[in-house]
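# Here is my input; please provide its structure:
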Amino acid sequence: MTVKAICGLGLGIAVSVGMIAVDALADNRGSDWRVTGCAGVVEEELTSLKLGILDVDKVRYIVQSSDSFESDAGESLEGWVSFKNCKGNLVVKLSQTCQIDTLYTTGDCEIEDISDY
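Here you go, the predicted model:
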């Protein structure tokens, strides 16, 4: 598996060939993530979650590549949210059209109504 961080705070998207400037608050749901990087989708979702005392530190968009001898390389996009006051992350798995597929937390971070692993 190969992991490439492509963005911090949704301010710019590094694509394998270059950079694309995008508005961090743009509504990119329904867009092809290879074009927009889904910038702003995770940040928008954060406003609807019951974060309680959790204080967002960073949002990173990460492309994961996996390939095997039996299939072509597959890529997926995830948003990883770190917090100032817990060790762990909120992971937001995104579809290729920037829709949210799965949300879960890792480590010590807990969010109401979100699965914890």
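# which ones are touching D116?
Neighbouring residues of D116 by Cβ atoms under 8 Å, 6 or more residues apart in numbering: 104-106, 109-110. C-betas here are computed from N, CA, C, even on glycine.
# Pull out the buried residues from those residues.
105, 109 (16 or more other Cβ atoms under 10 Å).
# Who are the contact partners of L49?
Here L49 is in contact with 90, 111, 114 (criterion: Cβ under 8 Å, 6+ apart).
# These, buried ones only, as a ChimeraX selection?
Selecting only the buried entries of the contacts of L49 in ChimeraX, with 16+ other Cβ under 10 Å as the criterion:
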select :90,111,114
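# Among the contacts of L49, which one lies nearest to E44?
E44 lies nearest to L90 out of the contacts of L49, by Cβ to Cβ, at 13.5 Å.
# Assess the claim that the closest one and V81 are in contact.
Yes: the pair L90 / V81 is scored as a contact, 4.1 Å apart, by Cβ atoms under 8 Å.
# hang on, the earlier thing: mark which of the contacts of D116 are part of helices, please.
Using DSSP state H, the subset of the contacts of D116 located in helices is empty.
# could the contacts of D116 go into JSON lines alongside pLDDT?
Formatted as JSON lines, those follow (pLDDT from 0 to 100):
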{"residue": "Y104", "pLDDT": "97"}
{"residue": "T105", "pLDDT": "97"}
{"residue": "T106", "pLDDT": "96"}
{"residue": "C109", "pLDDT": "93"}
{"residue": "E110", "pLDDT": "92"}
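# Let's have the contacts of D116 in a markdown table, adding distance to S66.
Formatted as a markdown table, those follow (distance: Cβ to Cβ, whole Å):
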| residue | distance to S66 |
| --- | --- |
| Y104 | 19 |
| T105 | 23 |
| T106 | 19 |
| C109 | 25 |
| E110 | 28 |
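# can you put the contacts of L49 in TSV and add pLDDT and distance to L49?
Below are these laid out as TSV (pLDDT from 0 to 100; distance: Cβ to Cβ, whole Å):
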residue	pLDDT	distance to L49
L90	97	8
I111	93	6
I114	93	7
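# With distance to K50 added, can I get the contacts of L49 in TSV?
Converted to TSV, these look like this (distance: Cβ to Cβ, whole Å):
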residue	distance to K50
L90	12
I111	7
I114	9
